[in-house]
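**Student:** Here's a sequence, model it:
(one chain, ligands or ions: 3)
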Amino acid sequence: MSDAYPDNSTLSASKVPRHVAIIMDGNGRWAERRHMLRFTGHKAGVDAVRRVVEVAGKRGVEVLTLFAFSSENWRRPKKEVGLLMDLFMVALEREVKRLNKNNVRLRIIGHLEGFSEKLQMRIHRAQTLTAGNTGLTLVVAANYGGRWDIAQAAKQLARRVEAGEIRADDIDAEMMNACMCLHDLPEPDLFIRSGGEMRISNFLLWQLAYCEMYFTDILWPDFNEGVIDDALASFAKRQRRFGRTGEQVVEGEGGA
Ligand code: IPE
Ligand code: IPE
Ligand code: MG
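**Tutor:** Ligands and ions are numbered 1, 2, ... in the order given. The predicted model follows:
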């Protein structure tokens, strides 16, 4: 629960997802429709991030994970990638002060070694500055890929086998999970993708196993409080069964 934003939600607290993960898609199309450069869409996307962070905090979401740059986005034209890196740099510097003031804890996940030294330093500084904050945890996935995450976890376990610390036979899903990004946070409860595409695009493959999915045609720069509230309302109506029957879940809720 965020301290900085009072909870003015109309949903009962138990129906608010603890962790919301979002693929922020549609910046380019938003700009192209306005006959503007794609980069203008990315810039407008930063304003949408600011809005969503604030609303998520107000609604009582504990963790918000945003997909900012995928491991496949390097395939874009060099110029767009360069501009995105510049924007990331500027946004980190400018937004971190605001986040810190609002008691938000920032974390960046992904293959950070793929970024310039300067960007890595800024990421480190931003994380250190906000590490002690107790409000919303904002996770930004940058140079992140779900397959990369699974592979890096496998590598960690293989090293421990090599070192003789564990046996290959000991490896199970729980042990893998402990090596994955976000293992120390609640699992994502609600996944949202803007921009109309219905795919995961190599986002949190492992962590989304039992996440509720919500897709919207709204392009990311247009994303606002109303869209978040629609997604939260949709989430609140769902019965999460985790493999059980609906009856078992109802009994469980009744305290049986
Ligand atoms: C998402 O918007 C932002 C990034 C992937 C960095 P896009 O740039 O993918 O926008 P569309 O999908 O082309 O409209
Ligand atoms: C997913 O969007 C990645 C981010 C939003 C950072 P893309 O626009 O890269 O996804 P695809 O290529 O359409 O699947
Ligand atoms: Mg896209």
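
**Student:** Helix, strand, or coil at the residue in the stretch 151-256 of the chain positioned nearest to ligand 1?
**Tutor:** Evaluated by CB to the nearest ligand atom, the stretch 151-256 of the chain has G195 as its residue closest to ligand 1, separated by 5.3 Å. Every residue, glycine included, has its C-beta placed from N, CA and C. The three-state assignment at G195 reads coil, by DSSP: H, G, I helix; E, B strand; the rest coil.

**Student:** Over to L64?
**Tutor:** Remark: L64 carries the secondary structure label strand [criterion: three-state DSSP].

**Student:** wait, it sits on M24?
**Tutor:** No - here L64 does not reach M24: they are 11.1 Å apart, not a contact under CB atoms under 8 Å.

**Student:** With neighbour numbers in mind, choose between these two.
**Tutor:** Looking at L64 and M24 with other CB atoms under 10 Å, you find the greater number of neighbours at L64, namely 25 against 22.

**Student:** which secondary structure element contains the residue lying closest to that one once chain neighbours are set aside?
**Tutor:** Once its chain neighbours are removed from consideration, L64 has its nearest residue in A56; the separation is 4.5 Å (CB to CB, 6 or more residues apart in numbering). Take DSSP states H and E as the rule and A56 turns out to sit in helix 38-59.

**Student:** for the helix or strand containing E95, packing partners?
**Tutor:** When secondary structure is defined using DSSP H and E, the element that contains E95 is helix 78-101. Taking 3 or more CB pairs under 8 Å, 6 or more residues apart in numbering; DSSP states H and E as the contact definition, the neighbouring helices and strands of helix 78-101 are helix 38-59, strand 63-70, helix 117-130.

**Student:** Highest mean neighbour count out of those?
**Tutor:** Each of those was assessed for mean neighbour count using mean count of other CB atoms under 10 Å. The highest is strand 63-70, with a mean of 23.

**Student:** Quick check: which helices or strands does that one pack against?
**Tutor:** Helices and strands touching strand 63-70, as assessed by 3+ CB pairs under 8 Å, 6+ apart, comprise strand 19-23, helix 38-59, helix 78-101, strand 137-144.

**Student:** quick check: mean pLDDT across that strand?
**Tutor:** Computed over strand 63-70, the mean pLDDT rounds to 98.

**Student:** what's around the closest residue to H42 other than its chain neighbours, how many residues?
**Tutor:** On the basis of CB to CB, 6+ apart, the spatially nearest residue to H42 that is not a chain neighbour turns out to be N27, at 4.9 Å. Number of residues near N27 (other CB under 10 Å) recorded here: 24.

**Student:** Determine which of the helices and strands packed on strand 63-70 approaches ligand 2 most closely.
**Tutor:** Among these, strand 19-23 comes nearest to ligand 2, with 4.8 Å by CB to the nearest ligand atom.

**Student:** how much does that closest one deviate in direction from strand 63-70?
**Tutor:** Interaxial angle, strand 19-23 versus strand 63-70 (axes from the mean of the first three to the mean of the last three CA atoms, to 10 degrees): 20 degrees.
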